[in-house]
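> Sequence and computational prediction follow.
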Amino acid sequence: VTTTTRVTDLYPTRGATEVVTPRQDPVVWGSPDTPGPVSAGDLQALDRDGFLAVDQLIGPDEVEVYKRELDRLVSDPAIRADERSIVEPKSQEIRSVFEVHKISEVFARLVRDERVVGRARQILGSDVYVHQSRINVKPGFGASGFYWHSDFETWHAEDGLPNMRTISVSIALTENYDTNGGLMIMPGSHKTFLGCAGATPKDNYKSPCRCGRGDAVRRALTTMASEYGIKLFTGKPGSATWFDCNCMHGNITPYPRSNVFIVFNSVENTAVEPFAAPIRRPDFIGARDFTPVK
């Protein structure tokens, strides 16, 4: 069921100028006393920093299963032709396959795994559904990086998520070194929302850059980096990084890596109409099926 309710916009963006807004929402929504796979200390760290690293979320044998499935998907001509696949314009290699939990039963089982969805429920304090899932296959040179951005800015502006009650997990399927590193996050940046300037371009989801790279954005990012610093995540295959939807993060590297990326949203924070875009993004980018993961 899709709701058309218009709610108060707590996080203005895509206006005439950049706007900085203090976070209006909790980071950890669940009670610290609620039992679950995340310890009380780790919940406190997540609240403070905006992220949580897990050295081995899945084991080596499981990694091999997911790698084989990833390879099968990206080599399938039908998947390449599917609108849910994003192909690099220069190399013509697949960069991402969206809605992978609906395309592949192997990845659907991963979403339902209690080690995964259990953490999401505990952090968000409710049942959750998958707002977005994808496999990322960054083939190295010829592929674009992901410029610094907050996912929530996009999900709020273009998908209509009202509140910051969304958590992502990136599970490494290849080793993340400091040279191919996967993910860079500014610790603590999740407490500040950076609203971007300018109208939403058509088919913006096909671009790795969401918020623009103008001088004002660069100045704001430089200020945030100076205040918060930058944490680079490394780890073996099977390691995972959980991070809040409003963390400022990026990945800009010429070296290859692969991961599976799952975004869980609270069933109490379902999408309304976009706050700063003329039309919704496709459902495979921002789900309109709010069925809880069971």
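That came in fine, so what should we check first? Here the structure is a predicted model, which is why all the values come from computation and not from measurement. Numbering: from 1, shown residues only.

> Would you check that residue 191 makes contact with residue 22?
Yes - with contact taken as C-beta atoms under 8 Å, residue 191 and residue 22 are classed as touching, separated by 7.0 Å. In short, each C-beta sits where N, CA and C put it, glycine included.

> which one of the two has more residues nearby?
When neighbours are counted by other C-beta atoms under 10 Å, residue 191 and residue 22 differ, and residue 191 comes out ahead with 16 against 7.

> Leaving out the residues flanking it, which one is nearest to that one?
Nearest residue to residue 191, sequence neighbours excluded (C-beta to C-beta, 6 or more residues apart in numbering): residue 23, at 4.8 Å.

> How many residues are close by that neighbour?
Quick note: residue 23 (other C-beta under 10 Å) scores 17 neighbours.

> what residues are up against it?
For residue 23, the contacting residues are 164, 190-193, 246, by C-beta atoms under 8 Å, 6 or more residues apart in numbering.

> Give the phi and psi angles for residue 95, as a check.
Dihedral angles of residue 95 (phi, psi; degrees, to the nearest 10) stand at phi -100, psi -40.

> Give me the neighbour count for it.
Applying the criterion other C-beta under 10 Å, we find 22 residues in the vicinity of residue 95.

> pLDDT wise, what is it at?
Reading off the confidence values, residue 95 has pLDDT 88.

> Just to check, it is in contact with residue 136?
Yes - assessed by C-beta under 8 Å, residue 95 is found in contact with residue 136 at 7.0 Å.

> beta partners of the residue most central in space within the chain?
Compute the mean C-alpha point of the chain, and by C-alpha atoms, centre = their mean the closest residue is residue 168, 4.9 Å away. Listed beta-bridge partners, residue 168: residue 243, residue 263 (assigned using DSSP bridges).

> ditto for residue 87
Going by DSSP bridges, residue 87 is paired in beta bridges with residue 94.

> show me what contacts the closest residue to residue 127 other than its chain neighbours?
On the basis of C-beta to C-beta, 6+ apart, the spatially nearest residue to residue 127 that is not a chain neighbour turns out to be residue 292, at 3.9 Å. By C-beta under 8 Å, 6+ apart, the contact set of residue 292 is 127-129, 267.
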